[in-house]
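> Need the 3D shape of this:
(chains A, B and C)
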Amino acid sequence: MNRSEPIRKAPSFLESLVQRRTLGYLLLGLVLLVAIWRLGNALLENPSLFLQQVTNGLQIGFVYALIALGYTMVYGIVRLINFAHGDVFMVGAFTSFYAISRIQLHLWTRALFPDLNPFIADVIGTISVVLLSMAVCALLAVTIERVAYKPLRNAPRISALITAIGVSFFLEYFGALNFVYTANYITYRRPFDVITWVIGDQGVQVLQKGQEVPAGAIIFSNISFIIIVVSIILLVLLQYFVKNTRTGKAMRATAYDRQTARLMGVDVDATISTTFAIGAALAGAAGVLYAIAYPQVVFWMGIIPGLKAFVAAVLGGIGSIPGAVVGALILGQAETLSAAYISTPMRDAIAFSILIIVLLVRPTGIFGEAQREKA
Amino acid sequence: MKTRIAVFVLLIVALMVTACQAGGGGTIKVAVLAPMSGQVSTFGISTNNGVQLAVEEWNAKGGINGKKIETVVADSQCSADPAVNAANKVIQEDKVKFIIGEVCSSASIPVSEIAEANQVVQISPTSTNPQVTLNKDGSTKKYVFRACFIDPFQGTVMAKYALDKGYKTAFIMFDQGNDYVRGLAEYFEKAFTEAGGKVVGKESYTKTDTDFSAILTKVAESKAEVLFLPDYYPIVNLVGAQAKEKGVTAVMMGGDGWDSADLDLKAADGGFFSNHYSPEDPRPIVQSWVANYQKKYNAVPDALATLGYDAANLLFAAIQKAGTDDPTKVAEALASLEYEAVSGKITFDAQHNPVKNAVVLSVKDGKVSFSASVAP
Amino acid sequence: MKHISRTTLIFLGSIVTFTLVVQVLISLGVLSPFWNTILRQGAVMAIVGLGLNLIYGFNGQFSLGQWGFYAIGAYSAADITYRWTNDANSNGLTVLFFTILLVGASILILYRVFGKIRGVDPLSAFAIYLIAAVGLTALAVSIGNLTAPAVNAILKALPTNIANTLVYLLAVIIGGILAAEVSFLFGLPVLTLGSDYFGIATLGFTIIVKVLLDNSDVMFGFVEMKGARGMIGIPKLTSWIWVMLFLILVIVITRNLLHSSYGRAIISVREDEIAAKAMGIDIGHYKTLTFVLGCLFAGLAGGLYAHINGFLHPDSFNFIKSFDPMIIVVFGGLGSVTGTVFAAFAWQLVLEGILRSILPPGFETWRYVVYPLLLLVMMLLKPNGLFGNYEIPYLRQVLPPLKKPATETQTPAAKESL
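Alright, predicted model coming up:
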C-alpha cells in the first residue's frame, strides 16, 4: 500500500443512511407498531373476545394450510404455479356434496350395522366421504397433469402457467353448465350436526339453542375441532411420507435436481404425478372441511380460498411444507384479526400488504431457502 | 406460418359471417341481457327463465297484437365491458328495440346509457341503483325503467316491523359493493333510530366472503336483538349457518333478496323478510306463476325469476297498449301503465320506479309464511 | 435529419391506412358501434400488452401487476375529466399535474443522488422516496387547488370542444405518468425479489388497488368514484383515432427503445443477469426503467379505457382479469411486439365478438367453456405463442437475436399478418 490517501473517504450522512437497512426497517417497524398497538389494546380490553377471534382464525387457517400444501409441493417439484388447484378444491367439495346428498355415503355404517354407536358411525361415515373426495381429486389432478402440463414440461414455464389458468377457467365454467353442477348456490348438508361448546367459568358445556354466550366464555364448535384435528393428522402423515418413504425421498430428489434424480434411477414422471395426486388429495380433504364449515357450494368457490392458500404458501416460503402451514396460520390470523379489529372491507388489502412486507424482509418467504440459480 | 395465416383467415371469415346476419320480419325481438356466465350466473339464468316463461305465455295467446315475440339472450356477466358489448351487439347486430336486463346495477348503468342514446326501451328487473333510470343531471331517462323496489321503502318497512315486535337493538351487516344492500341498510338504520331503536353495530363485507366468523363473534358480543342482513339468499344461508355456531341469538331480518327456493330454511329459521308477494297469496296470477314455473323448470321461482317475469310482462303489456313496436310510444305507454303483476299492482313514478305493496314473511320450522302486509 | 428507411415507411403507411380505413368504415356505418367498441378495447389491450411484453417478454420480470397500474391510470384520468365536465372544475387536473410534476422531479433528483452512492439499500431508499412523495403530494394538493380557478378561466375561454379534448388528453397522459411514478415507488423495493416472488408481490398490488378502489368513497373521500358501486358520468371521448394514435406511439417508442443500446441492455438482463452484470450493465437500473415504462403504458391504456364506456367499476380490475394481459402476451409470443398487437385484437374479437355471435341460442353459458379450451389447445399446439419471436421487418432487430435463432424470420409473409 503505497497510496497515501485512504481508498474511500468517510461516508456522508446520506450515504450511511441509504446504505444501511435501518431506515427501511424503521418504516416497517412503524407499521408493525401500529398493528401491535391496535391488537394489544383489543386483547387488554376483552381477552375472551380476542381469544375467540384467534380461534376463528385458527379454523380458516388450517383449511388454507391443506390447500397451500398442494401449491407448495407442486411448485417445489415442477416450479409451476398451479392455478387450477383452487378448482380441484372446488371439485372435492362438490364430490362430497353429491356423496352426502345423493348416495348418502355418510350413512353407510348406520345402514349396514344399525346397532353401532352413532358417534362412531358418524365418524366413519364422515371419514369415508373425505376419502372419496380425496380419491376423486387425486384422479382429477393426475389427469390434468398428464393432459395439460406434461406435454409442456420442456416448453417455457409461462406456457404451463397459462395452461393452468385455462384449466382453472375450464373447470369452473364447465362445472357451471346445467348438466354438471349448475351455476346455483347450493346449500350443503353437513354429514353430522353442529355442537357448540362453551368453555367458561363452569367448565365445558354444550350451548343450547337460543342460549346466549355467557360473558367471558369462549365457544368452540365440533366443526372447528374436526377441521383442526383432521388437518393436523394429514399434515403429520404428509411429513412422514415425504421424509421417510421411498416415494417421498424420490419427490425430494426430483425437486432438488430433476436431471440428477433421473440419472439416479428415479422415475421422474411417476414422481411428479404422485406429487400432483397428493397435493390434490389434500385439497379434496380441504374442500370437504371447508364445505362443512361454510355450508354452501358453488362453482367458483375455489377461486378465493385458492388465492389465499397460494399467498399462504408464498408467505411461508413456497416449496417448504412447514412453511405452507405456518404461512396459512399467519394468514388466517391476519384475516380474522384485521376483520375484527382494524377494518373488515380492507382485510384483503391488509393480508396482501403483510405478504409484500414479509417478502421484503425475507425475499423467499419465512421458511424459504435462498433461491438457487436456474438449473 | 401456415397456422398464422389460417387463424387470420378464420378470423376474417367469422367476422364476415357474423356481420351478415340480418334481423327478422313479422316478429317483435326482445333482448335479454343477463349474466349467463361468471359468479352470479345463477341470477342471470333465473331471470332469463322468468322472461322465457312470460314470452311463452304471450306467444301461446297469439303474441302481441298478432306478432310473435322472439328473444335474443346475450351474456353480460354483471360487468361493464361485457354488458356494453352485449348491448351494442343486440342493438346493432340483432336490431332489437327492447331490452330486458341487466340484473346488476354495475352493468345496467352503462347499458342504460346506450339504450337511451339509441332510443331502445330498457326495463331492468332487479337493478336498484337510482342512477339506472336517472341521467347524471338528475332527470329521468326516457327509455329506462325497472321492475324492482328501490331501497327506501323496504328498509323502512323492516325497521317498523322490528320495533313493533319489541326489538330495541339491531346489528347491521351489509355488502359494501351492492347498492341494493347498502340502500336497505341505510334506510333501515335511519327509520330504526328515528323511531327509538338503537343500532349497536355495523359491519360490511364483500360479496366473495364466506367466512363471517369474525363479524358474527362481534354480533354475539354486542347482544343485539336483531341482525339486519338485507342481502341475497346465498349470503343469508352462509351467515345463518355460521351464526348458530357462534352463539348469535339475534333474530335475522332482511329484504326481498331472501326470496328463493334455495333459502336454507334451517339456517334462516326464526327470521323475517320483506317481499313483494307471499306464495300463499290467493291472487290467481301468483298461483299460476308458481305452478307454471314449477312445471317448466322443476323448481320454485325465486325473486329474480319473479322480477324477470314481471319485467317481461310489463314490457309486453306496454307494447300491446301502445299498439306498435315503436320504442318511443312504448316508453310512453310503460310510464303510464297500470299492471297487475305477480309482485302486486304496479304503476311507475316519475323516476320510472315501480310503486307496489310489500309483505313481511316469516321463516319458521321449515316454512315461509305470511306475517304482515304493509302499503307504501 | 436521418434517412427514413423503407421498412419504417411501409410500417407507418400501412398502419395509418388501416386506421383510416377502419375510421371510414365506422363513419359510413359499416362497422357498427358493437365492432367499434370491440376494436377500441382491442387497441387498449394491445397497449397494456405491449407494456407487459416490455417487462416480461424483453426484460424477464414476471409482472402480474399491470392491471393495478391500468386501474390507477383509469381512475385518475376519469377523475380529472369527471370534475371538468360535470363540475366545470379543473382542480383534479391541476392537483394531479402538480403531483406528478413535483413527485417526478423529486424522484429524478433523488435517483441521480442515489446513483452516485454504491450499495444503496432499496428499502431505505424507498423510505426516503416515500417520505418525499407523500410530502410533495400534500404540497401539490394545495398548489393545485390554488391554481385551479386560473386554469378554469383559461379553459373556459377556449371553445368547449377543444377544452374538453385538451383536458381529456392531459388526463390520459397524467394518468399514465401517475401510474409510472407509483410503479417506480412500488417497484423499487419489490424489483429486488426473485422472479416468481416478484410476480406474486405484483399480484398482491393489483388486489390491494382493487380493495382501495372498492373503498374509495367511504374511506378516502373520493365521493365521485362511488367506491364499489361504480363511477358514472365520465365523458366518452376515446375515439378510434385517439386510441390508435396512442397505440402507434407506444409501438414506435417500444421499437426505438429496443433498437437502442438500452434495448440491448434490457434484453441482456432477461438472457442472463449474471453475465449482464459482468459486462458492466446496471441490472437494477434497467429493471426499474423497463418496469416504469411498462407501467406507463398500462396507465395510458387505463386512461383511454375509462373514456370508452364512460363507466368504471372496481370489479373490472379484479385479479382474475389481471391474467388477461399475460394471456395476450404469451398467446402472441413472448418478446414479439407484432404478436402482442395481433393477439390483443384477436383475443378481443374472438372472446367478445365472434364467440358472442356464433354460439347458438341457448348456449350463452358456453362462451367461457369454449374460451379456456381454445387457450389450452393453443398452448399445447404452439407453446411459444402464435408468433414465437417473429417480428415484421420494421420491428425486427438489426442484430441477430441473442438466444436462439428465430426459425421463421426468412418467410416473406410479413405483410398479411398486420
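
> can you pull the contacts of the most centrally placed residue in chain C?
For chain C, the residue nearest the mean C-alpha position is C:A298 (1.8 Å; Cα atoms, centre = their mean). By Cβ atoms under 8 Å, 6 or more residues apart in numbering or on different chains, the contact set of C:A298 is C:I47, C:V48, C:G51, C:L52, C:Q66, C:W67, C:F69, C:Y70, C:G73, C:A179, C:P325. In short, each C-beta sits where N, CA and C put it, glycine included.

> any chance of these in JSON lines, with secondary structure too?
Below are the contacts of C:A298 laid out as JSON lines (DSSP: H, G, I helix; E, B strand; the rest coil):
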{"residue": "C:I47", "secondary structure": "helix"}
{"residue": "C:V48", "secondary structure": "helix"}
{"residue": "C:G51", "secondary structure": "helix"}
{"residue": "C:L52", "secondary structure": "helix"}
{"residue": "C:Q66", "secondary structure": "helix"}
{"residue": "C:W67", "secondary structure": "helix"}
{"residue": "C:F69", "secondary structure": "helix"}
{"residue": "C:Y70", "secondary structure": "helix"}
{"residue": "C:G73", "secondary structure": "helix"}
{"residue": "C:A179", "secondary structure": "helix"}
{"residue": "C:P325", "secondary structure": "helix"}
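
> pLDDT score for the residue nearest to the centre of chain C?
Looking at C:A298, its pLDDT reads 96.

> and what of C:L123?
C:L123 carries a pLDDT value of 86.

> Now for the nearest residue to it once chain neighbours are set aside, how many residues are close by?
Leaving aside its chain neighbours, C:L123 sits nearest to A:G24 (2.7 Å; criterion: Cβ to Cβ, 6 or more residues apart in numbering or on different chains). A:G24 has 21 neighbours, counted by other Cβ atoms under 10 Å in any protein chain shown.

> A:G24 touches C:I128, doesn't it?
No: using Cβ atoms under 8 Å, A:G24 is not in contact with C:I128, being 9.5 Å away.

> and C:M326, what does it touch?
A:I158, A:L161, A:I162, C:L52, C:Y56, C:L64.

> residues of the helix or strand that C:I174 is a member of that come out buried?
Assessed by DSSP states H and E, C:I174 sits inside helix C:160-190. For helix C:160-190, a neighbour-count test (16 or more other Cβ atoms under 10 Å in any protein chain shown) marks C:163-165, C:167-190 as buried.

> now, which of those lie close to chain A?
Counting by Cβ under 8 Å from any Cβ of the partner chain, C:P189, C:V190 from these sit close to chain A.

> Any idea how many residues pack against whatever residue of chain B ends up closest to chain C?
In chain B, the residue found nearest to chain C is B:G177; the distance is 3.0 Å by Cβ to the nearest Cβ. Using other Cβ under 10 Å, the number of residues around B:G177 comes to 23.

> who are the neighbours in contact with the closest residue to it other than its chain neighbours?
Counting by Cβ to Cβ, 6+ apart, C:A228 is the residue found nearest to B:G177 once chain neighbours are left out, at 3.0 Å. Going by Cβ under 8 Å, 6+ apart, C:A228 touches B:Q176, B:G177, B:N178, B:T206, C:L213, C:D214, C:N215, C:H313, C:P314, C:D315.

> Swap in 10 Å and give it another go.
A:345, B:106, B:175-179, B:182, B:204, B:206-207, C:210-211, C:213-218, C:313-315 (Cβ atoms under 10 Å, 6 or more residues apart in numbering or on different chains).

> Just confirm it is within a helix.
Yes: when classified by three-state DSSP, C:A228 is found to be part of a helix.

> and the gap between it and B:N178?
8 Å (Cβ to Cβ, to the nearest Å).

> got any residues that touch both of those two?
With Cβ under 10 Å, 6+ apart, C:A228 and B:N178 have common neighbours B:S106, B:S204, B:T206, B:K207.

> Around chain A, pick out the residues from the stretch 51-200 of chain C.
In this structure, the stretch 51-200 of chain C approaches chain A at residues C:56-57, C:62, C:64, C:110, C:113-114, C:116-128, C:130-131, C:186, C:189-190, C:192-200, judged by Cβ under 10 Å from any Cβ of the partner chain.

> In helices only, show me these.
C:110, C:113-114, C:122-128, C:130-131, C:186, C:189-190, C:195-200 (DSSP state H).

> Now that we have those residues, which of them are buried?
The buried subset of those - by 16+ other Cβ under 10 Å - is C:110, C:114, C:122-128, C:186, C:189-190, C:196-200.

> Tell me how many other residues crowd A:A215.
The tally of other residues near A:A215 (other Cβ under 10 Å) stands at 12.

> How many neighbouring residues does residue 154 have?
No chain specified, so I'll use chain A. Neighbour count of A:N154, defined by other Cβ under 10 Å: 6.

> think we crossed wires, I meant chain B
By other Cβ under 10 Å, neighbour count at B:Q154 equals 29.

> where does the stretch 51-200 of chain B have low pLDDT?
B:151 (pLDDT under 70).

> ok, and the most crowded of the contacts of C:M326?
Most surrounded of these: other Cβ under 10 Å gives C:L52, at 29 neighbours.

> Wait, a helix at the residue nearest to the centre of chain C?
Yes: per three-state DSSP, C:A298 lies within a helix segment.

> in the chain, what spans have low per-residue confidence?
Just going to use chain A. A:1-9, A:370-375.

> wrong chain, I was asking about chain C
Short version for chain C, where the test is pLDDT under 70: C:1-2, C:397-418.

> mind redoing it with 80?
Along chain C, the parts satisfying pLDDT under 80 run over C:1-4, C:118-119, C:194-195, C:218, C:227-229, C:360-365, C:388-389, C:396-418.

> Need the three-state assignment for the nearest residue to B:G63 once chain neighbours are set aside.
Leaving out its chain neighbours, the residue that sits closest to B:G63 by Cβ to Cβ, 6+ apart is B:I69, at 6.0 Å. Classification of B:I69 using three-state DSSP returns strand.

> thought B:I69 was touching B:V96?
No: using Cβ atoms under 10 Å, B:I69 makes no contact with B:V96, being 11.0 Å away.

> who's more crowded, those two?
Neighbour comparison, B:I69 and B:V96: the larger count goes to B:V96, with 25 against 22 (by other Cβ under 10 Å).

> how would you label the more buried one: helix, strand or coil?
Applying three-state DSSP: B:V96 is coil.

> and the gap between it and B:V120?
7 Å.

> distance between the helix or strand B:A115 falls within and the chain's centre?
Secondary structure assigned from DSSP H and E places B:A115 in helix B:105-117. The chain centroid and the centroid of helix B:105-117 are separated by 15 Å under Cα atoms, centre = their mean, to the nearest Å.

> what's the closest residue to chain C within chain A in contact with, if anything?
Distances between chain A and chain C by Cβ to the nearest Cβ are smallest at A:G24, namely 2.7 Å. By Cβ under 10 Å, 6+ apart, the contact list for A:G24 reads A:V18, A:L360, A:V361, C:D121, C:P122, C:L123, C:S124, C:A125, C:F126, C:A127, C:I128, C:P189.

> will you turn these into a markdown table that also has distance to A:D87?
A markdown table is the format used below for the contacts of A:G24 (distance: Cβ to Cβ, whole Å):
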| residue | distance to A:D87 |
| --- | --- |
| A:V18 | 46 |
| A:L360 | 31 |
| A:V361 | 32 |
| C:D121 | 41 |
| C:P122 | 36 |
| C:L123 | 37 |
| C:S124 | 42 |
| C:A125 | 41 |
| C:F126 | 37 |
| C:A127 | 40 |
| C:I128 | 44 |
| C:P189 | 33 |
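
> And those residues, which is closest to A:S168?
Each of the contacts of A:G24 was checked against A:S168 using Cβ to Cβ; the closest is A:L360, at 28.6 Å.

> ok so that closest one is a helix residue?
Yes: assignment of A:L360 by three-state DSSP places it within a helix.

> Surely it touches C:F198?
No: with contacts counted by Cβ under 10 Å, A:L360 stays clear of C:F198, the gap being 11.5 Å.

> intersection of neighbour lists for the two?
In contact with both A:L360 and C:F198: C:V190, C:T192, using Cβ under 10 Å, 6+ apart.
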